[in-house]
Each structure stands twice: as structure tokens, then as C-alpha cells.
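K.L.:
Have a look; sequence and predicted model below, questions after that.
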Amino acid sequence: MGGDFRGSVLDKTAEHKVLWEDIRATANSLPQLRLLMDRICARMTDGDEVRARMSLPLGDGPLEWEMILGAVKVAPPSLSEPLRTLEGVSLWSASESPWRPCRHLIVVDFTDGLYPTKPRANPLFLDSEIERLTEATGLVLHGRASGLAQGVALFEKQLRATSESVSFLIPWRDLAGARLSPSAGLSLVARVVEGFDDAHKLVIDLSRLAPSDWPVGHHLPDSLPEAPAVPDVLDFAGRSLLSLRKDDDGRNAPQSPSRLETLVVSPLAWLLEELGAKARDWNAEELDVKIKGTVAHYVFELVFLEGVPLPNDPELPALVDAAFEKAIGRYASFLRSPSWELERGGLLRELQTAAMRWRDHLVTLKANIVANEIWLRGMGQGIRLHGKADVILELPDGTLLVVDHKKSGSAARRQRMEAGWDLQAGLYRDMLDQPEPKEGDKMHHLLGREVGIAYHLMNDGWLLTSGLSLPSAGQVREIGGQVNAHVIDYLTTRLKEVDSGLVRLNTTTDAAMFKKEGGFTAYALTEGSPLVRAFLRQAPEDGQ
């Protein structure tokens, strides 16, 4: 769903919308939970049956989730019997004991971790501790040693069920092309084969044999033509790529600071974003940096309100708690699961500490919050810009401070600013210097003032500023006015190229260059579209 938890990717019929909202709603009492269950089940196929399996207590008492979930009647899954034979061949899984003897055994996927199965470590105790516990209490716990012994015993039982021969198939690469290693069981097999002091000599590499000598049937596809070399640039015949997206009035759509950061790192990644050609990979839910940042931003938006006095120290934890519940309900509902309790509690404690530090900064600076999550529009670097600033502060002398909250530590950001490679916050200052306000927005009362920029690093509480005469004291550090000196030169070149239709392709050393010179990780190269990585040019100094 592309990270969109609002349900806009679903069918926008009224029934779907109501069901989506009810599923994501929060119940704080038994009557609310019963009402939501009735509404949800009424819109589900076999909803009455589902409702009958969830017996909710009567009355108005508190929600005892463990008791409620423990009473849910979960129907057993209906699975067909596993396929045991296929055209005279008996099939076993790696974890099964042999259920019949055979003449020839073929072990497929004889790779690392299988045959014998790689044992799992005990999550609480070391093997030495398990041994001492067994000696002291007689309690038998499973560790790596016992797991390995069980795996070896099962592997031996499978081999003993074979009367004539065994073939082990070892794929060299997985489906993604990554290299695989043979199973650790290869050394066990080598011990019983006379004349092989090196286990790897047992392996017959088919790539080193003529196809006529392969022990299996085969078909060789026609050879593919040699792939052409990756060019330095993609040339779109003088067409301005800045005009790919248009506003309703026909003008080029504005660029955001994040898109321009992508352009600096990888023009191809920027082009794919402009075209809407994004990878739609699915990943299991995880508490990654993006989710943490989204939740943290929403919590600060709800706790520190514009035009409202700052919360007192005693009331701040309760406000963060309430905002945190709303934030995970909106952006990360999976954190409410009991299995995520440890991570949920850790993130909440981090935000409690970050909120206290941020309040201390506001008190020390005697700053007022004049705008939260505000859209800014203006001109900069010869193009239209727009972006949402996290918070804008007004200092006692009337100076505005545009602050960007980052759910990270200060070391990398400080290095980037000192190296002159920080782009984002400075573009917000450009929008206020050359504004394009719209009727009814909140920009008008921000214009015509001196503007500074700052990053608030939530993980360690530092406030890094640029363009202000603030004293560097405590956890406030003024970096100076040249935080974007180098990156602006880079951006200017990139803009001229894409405006003339040229997209310069990255080399295999670019990611390391940005890390070394700019002090930041080029995520557009390392974690972006696979097309970007597929079109990396071989750098001369990186070998041929």
C-alpha cells in the first residue's frame, strides 16, 4: 500500500470507508468495543459467525485485552494432506523422519543451514548456562548443542533409509543472484567417503563440465546478445525534464526539498519519482527509521501547539502518552500488538525524553511557536519550491527560526552541515525570502523577517542552527552560514542538466563519495529503485 495507512488506496465507496474507519478506531471501554464489533461484523461475510466466536463481557468495566483475546475461539485451519507420492517418487520434507525406505535419495537445496538444519540459540541462556541449570535443577532446556544433535540424528535417519545411492544438489546462487554456500553436512558426508580429505572435492561443479557429461537432462537456451555499456548520460533531446509535472495553471510543478536532495544524489532516481515509477515492494511491518520519524513528528505536532503556552513539566508526560497513542493508531497500528510491547515502550520513552529536551530549548530561547506543519511556497535556485516545515519559531527579537525535527542523532547531521552539504532546511529559508503565498494560507505573517534554520536531533537533543547569532552553549550549536555551500553548486549543475534533457547516471563509487565528502548516506542509491542500481556505470577507479 506504499506506506499509506489512511485507506485512500482502497475502494472509496461509502461502505468500504466506514469499515476501514471502524477497523482502525480505538476502543477505550467495553461499550465502545461491543459497538465497533457489531458495526464491523455487520459488514463482513459470515460476520455473525465471527461475532459469535468473540464473547465480550457485559457491563461498563475496563478492557481486559488478555482475557478477551484468550476467550476468542480460533477455528483450526483446514489443510489438505501433504503430497506423499508423485509418479512413483516419495517426497519428504527436510524436517520429516523417513516414512518408507528408498533405493535412491535426492537431497535438493543442500545449502548452508539445511541438512542438518541449523540450530537456533536459546533466546535467554548460553549453552554453558543451560548445562549448569540442568545440573542444578534437572530442568532440560534446548540450546544450540541439543538442536544440532537433533538435526544430525534426523539427517542420519534420512540417509539410513536409503539402500543404494544419494545425490546432493547444491545451487550456487539464490533467486536474487546471491552466492550460496554448501551445507555444513557436506563435511559429515566426506567423513564416510574413502579417499576424500577435502569435503569440497566431492562437489561436481557443472559449470566446469561439458554439457554432454552432465548427470541430468538439460537444455541450453540461445545465447543472449552482449549487453551494451551503460552510457554516461541519458539524453532526452533537449526536452526540459522540469516540466514533466504541471500545476493546474499550466506552470511547472514546484519541487520539494526532498526531491531536490534526490536529484543531487541520483538524477535517474529523481526522474523516476517525477514519472511516478516507484517500486512497490512489500515488506513485513517493522519499526524502521521512517515509521519512528513519522510517529515522532506527529507526537510533537500534537503536544507543542502554535499560539498555546508550553505545557508544564508535570503535565508533559501525560500529553506525550496521549499523542503517542493517536500517532501509532494513525501510522503504526501494528505496535499495539503484544509482540511489539518492548519496541513500543522503548519508542515512547525516547519521545518522552525528546519532548522534555525540546521544551527546554523553547524555554531557553524564549521562543514562541508560530506555525506547525506549515506549507511554504516560493522560489529558489531559479525554480518553484514547496515543502512542509515541521515548526517555525519566533525569537524575542522577531527573527524566525525554521526547524526540522529529525529522529536521529546529531553527529552525522553536524558533519554534513560543516562540510557544506546540507540542502533541505536552507530551501525553506529561500521560500520565505522569495515567497509565493496563496490566498488563505499562513505564510503572509511570516514574510519580511530575518530567517534562520535549525535541525532538532531528537535522539540526543542537540539543536544545530545556521544563520543566527545564537551563542553556542549547552546543546545548541551555531554551525555558520555555509552549511549548503558545496551542495548548492552540485544542485545548480544538476538543474541545468535536467532542464536541457540530460540525466547523468551514477557510478559505482558515488555512494562512497557522498559518504566521504558530504557525511551522509545516499539512500537513493543504496535503498531506492532497483533500476537506479541496475544502471550504475563502472567507475574507472573501481576496476573493470
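P.N.:
Happy to help now that I have it. Numbering: from 1, shown residues only.
K.L.:
how far away is R494 from G380?
P.N.:
14 Å (C-beta to C-beta, to the nearest Å). For every residue, glycine as well, the C-beta is placed using N, CA and C.
K.L.:
next one: L342
P.N.:
Applying C-beta to C-beta, the value for L342 to G380 is 44 Å.
K.L.:
same check, this time on G398
P.N.:
Applying C-beta to C-beta to G398 and G380 gives a distance of 23 Å.
K.L.:
More neighbours: which of these two?
P.N.:
Ranked by neighbour count (other C-beta atoms under 10 Å), G398 and G380 place G380 first, with 22 against 9.
K.L.:
now that one, which residues is it bridged with?
P.N.:
Following DSSP bridges, G380 is listed with bridge partners I383.
K.L.:
what's it in contact with, if anything?
P.N.:
When contacts are counted by C-beta atoms under 8 Å, 6 or more residues apart in numbering, G380 touches 427, 430-431, 433-434.
K.L.:
give me every residue that touches the nearest residue to L502 once chain neighbours are set aside.
P.N.:
Nearest residue to L502, sequence neighbours excluded (C-beta to C-beta, 6 or more residues apart in numbering): V233, at 5.0 Å. V233 makes contact with 497, 502-505, according to C-beta under 8 Å, 6+ apart.
K.L.:
H444 too?
P.N.:
Listed by C-beta under 8 Å, 6+ apart, the contact partners of H444 are P437.
K.L.:
L447 too?
P.N.:
By C-beta under 8 Å, 6+ apart, the neighbours of L447 are 432, 435, 437.
K.L.:
element containing D489, please.
P.N.:
helix 485-499 (DSSP states H and E).
K.L.:
quick one: G387 and D430 touch, right?
P.N.:
No. Assessed by C-beta atoms under 8 Å, G387 is found out of contact with D430, at 10.1 Å.
K.L.:
which one of those two has more residues nearby?
P.N.:
More neighbours surround G387 than the other of G387 and D430, with 22 against 18 (other C-beta under 10 Å).
K.L.:
Now rank the contacts of V233 by neighbours and give me the top one.
P.N.:
In the contacts of V233, the most neighbours by other C-beta under 10 Å go to V503, 22 neighbours.
K.L.:
ok, for F334, nearest residue in space, not its chain neighbours?
P.N.:
Per C-beta to C-beta, 6+ apart, closest to F334 is E285, 4.3 Å.
K.L.:
For the one you found, the count of nearby residues, please.
P.N.:
12.
K.L.:
re the thing from before, who wins for most neighbours among the contacts of L447?
P.N.:
Busiest of the contacts of L447 [other C-beta under 10 Å] is L432, holding 23 neighbours.
K.L.:
can you pull the contacts of that residue?
P.N.:
Applying C-beta under 8 Å, 6+ apart, the residues near L432 are 376, 378, 400, 402, 443, 446-447, 449, 451.
K.L.:
hmm, back to that, pick out the lowest-pLDDT one from the contacts of L447.
P.N.:
For those, the weakest pLDDT value sits at P437, with 82.
K.L.:
just checking, that one is part of a strand?
P.N.:
No. If the criterion is DSSP: H, G, I helix; E, B strand; the rest coil, then P437 is coil and not within a strand.
K.L.:
pretty sure it is touching M431, no?
P.N.:
No. Assessed by C-beta under 8 Å, P437 is found out of contact with M431, at 9.8 Å.
K.L.:
list the residues that contact both of those two?
P.N.:
With C-beta under 8 Å, 6+ apart as the test, P437 and M431 both reach R377.
K.L.:
correct me, but W92 touches K157?
P.N.:
No. Using C-beta under 8 Å, W92 is not in contact with K157; the gap is 10.6 Å.
K.L.:
now whichever helix in the chain runs longest: how far from the chain's centre is it?
P.N.:
Looking across the chain with DSSP state H, the single longest helix is helix 341-365. Relative to the centre of its chain, helix 341-365 is centred 22 Å away, using C-alpha atoms, centre = their mean, to the nearest Å.
K.L.:
Quick check: buried residues in that helix?
P.N.:
In terms of neighbour count (16 or more other C-beta atoms under 10 Å), helix 341-365 has its buried residues at 344, 347-348, 351, 354-355, 357-359, 361-362, 365.
K.L.:
what's the answer for stretch 366-378, then?
P.N.:
Along stretch 366-378, these residues count as buried under the neighbour rule (16+ other C-beta under 10 Å): 367-372, 374, 376-378.
K.L.:
cool, and stretch 63-71?
P.N.:
Buried residues in stretch 63-71, counting neighbours by 16+ other C-beta under 10 Å, are absent.
K.L.:
Show me the contact partners of that stretch.
P.N.:
With C-beta under 8 Å, 6+ apart, stretch 63-71 has contacts from 27-30, 33, 54-57.
K.L.:
Max pairwise distance over the residues you listed: which two?
P.N.:
Farthest apart among the contacts of stretch 63-71 by C-beta to C-beta are N28 and S55. That separation is 19.9 Å.
K.L.:
so what's S165 bridging to?
P.N.:
Beta-bridge partners for S165, by DSSP bridges, are H104.
K.L.:
check contacts around it.
P.N.:
Contacts of S165 by C-beta under 8 Å, 6+ apart are 103-105.
K.L.:
three-state assignment of R259?
P.N.:
helix.
K.L.:
residues near it, how many?
P.N.:
A total of 15 residues lie near R259 under the criterion other C-beta under 10 Å.
K.L.:
Would you agree it is in contact with W270?
P.N.:
Yes. Contact criterion C-beta under 8 Å: R259 and W270 qualify, at 6.3 Å.
K.L.:
ok, back up a step: just the buried residues of stretch 366-378: which are in helices?
P.N.:
Judged by DSSP H, the subset of these located in helices is empty.
K.L.:
Those residues: which two are farthest apart?
P.N.:
Longest span within these, C-beta to C-beta: A367 and R377, 23.8 Å.
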